[in-house]
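Undergrad: Requesting a structural model of the entry that follows:
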Amino acid sequence: MEEEAAGLLKVIIVQGKNLAIRDFTSSDPYVVVKVGNQSAKTKVINSCLNPVWNEELIFTLKEPLGILNLEVFDRDRFKSDDKMGHAFLDLQPLLSASKLKRALQLTSGETKLRKVAPDCDNCLLASSCITYVNGEIVMDACLRLCDVESGELYVTIKWIDHPSSAVAPVKKA
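TA: Numbers count the residues shown, from 1 in each chain. Coordinates of the predicted model:
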């Protein structure tokens, strides 16, 4: 019997700011997002150091655990793509917010569940709130890119519990 997923992790890559120049005067950036053994990438935005993607990448997970890794690359036509920095975010605060949502039996409306401060488990530029909004646990984050001369990545992370994970599991015959 295959184990059902506990929910969906939606990662919205909103925009990049002050990204590094990797071509002559600009870059052609895209973002690769990895969580566990799954990965997805955004489209390439040509000749732009402040790209706006507003692109949603969806991962099916048993629970929102582990580290969300984000890598920015400059697409090159004739050689391998250049690295433009990376950022990471521990998903543990989303898991504890999900448990708090269940404990509070929230089903609608908007409730602030917790605050996440910048620390060694994330690349946050500023504190971020995790909020329950109409069925989704939402975190807006501004991340500083590491191992690069400049760059920030703005993302929205959403966790949606699978309907069956909100109640006691039912065994299939």
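Undergrad: Same question for the helix or strand of the chain with the lowest mean pLDDT: list its buried residues.
TA: Taking mean pLDDT, DSSP states H and E as the measure, the chain has helix 92-104 as its least confident helix or strand, at a mean of 92. The neighbour-count check on helix 92-104 (16 or more other Cβ atoms under 10 Å) flags 93, 94, 95, 97, 98, 100, 101 as buried. Yep, even glycine has a C-beta here, placed from its N, CA and C like the rest.
Undergrad: Stretch 100-116 now?
TA: Across stretch 100-116, burial judged by 16+ other Cβ under 10 Å covers 100, 101, 106, 113, 116.
Undergrad: Buried residues in stretch 131-143, which are they?
TA: Across stretch 131-143, burial judged by 16+ other Cβ under 10 Å covers 131, 132, 136, 137, 138, 139, 141, 142, 143.
Undergrad: outside of it, which residues touch it?
TA: 10, 64, 70, 87, 89, 93-94, 97-98, 101, 106-113, 116, 122-126, 128-130, 152-160 (Cβ atoms under 8 Å, 6 or more residues apart in numbering).
Undergrad: that older thread, adding distance to residue 48, write the buried residues of stretch 100-116 out as a markdown table.
TA: A markdown table is the format used below for the buried residues of stretch 100-116 (distance: Cβ to Cβ, whole Å):
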| residue | distance to residue 48 |
| --- | --- |
| 100 | 39 |
| 101 | 37 |
| 106 | 39 |
| 113 | 35 |
| 116 | 29 |
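Undergrad: Quick check: of the residues you listed, which lies closest to residue 46?
TA: Using Cβ to Cβ, residue 116 comes nearest to residue 46 of the buried residues of stretch 100-116, at 33.5 Å.
Undergrad: Quick one: end-to-end length of stretch 104-124, please.
TA: 27 Å (Cα to Cα, to the nearest Å).
Undergrad: still on that earlier bit, from the buried residues of stretch 100-116, which two are the most distant?
TA: So, those by Cβ to Cβ: farthest apart are 106 and 116, at 18.6 Å.
Undergrad: packing partners for the one helix or strand residue 32 maps to?
TA: Per DSSP states H and E, residue 32 falls inside strand 29-35. Packing partners of strand 29-35 (3 or more Cβ pairs under 8 Å, 6 or more residues apart in numbering; DSSP states H and E): strand 7-17, strand 38-41, strand 52-61, strand 67-74.
Undergrad: quick one: average confidence on the shortest one?
TA: Okay, so that is strand 38-41. If you average the pLDDT over strand 38-41, you get 97.
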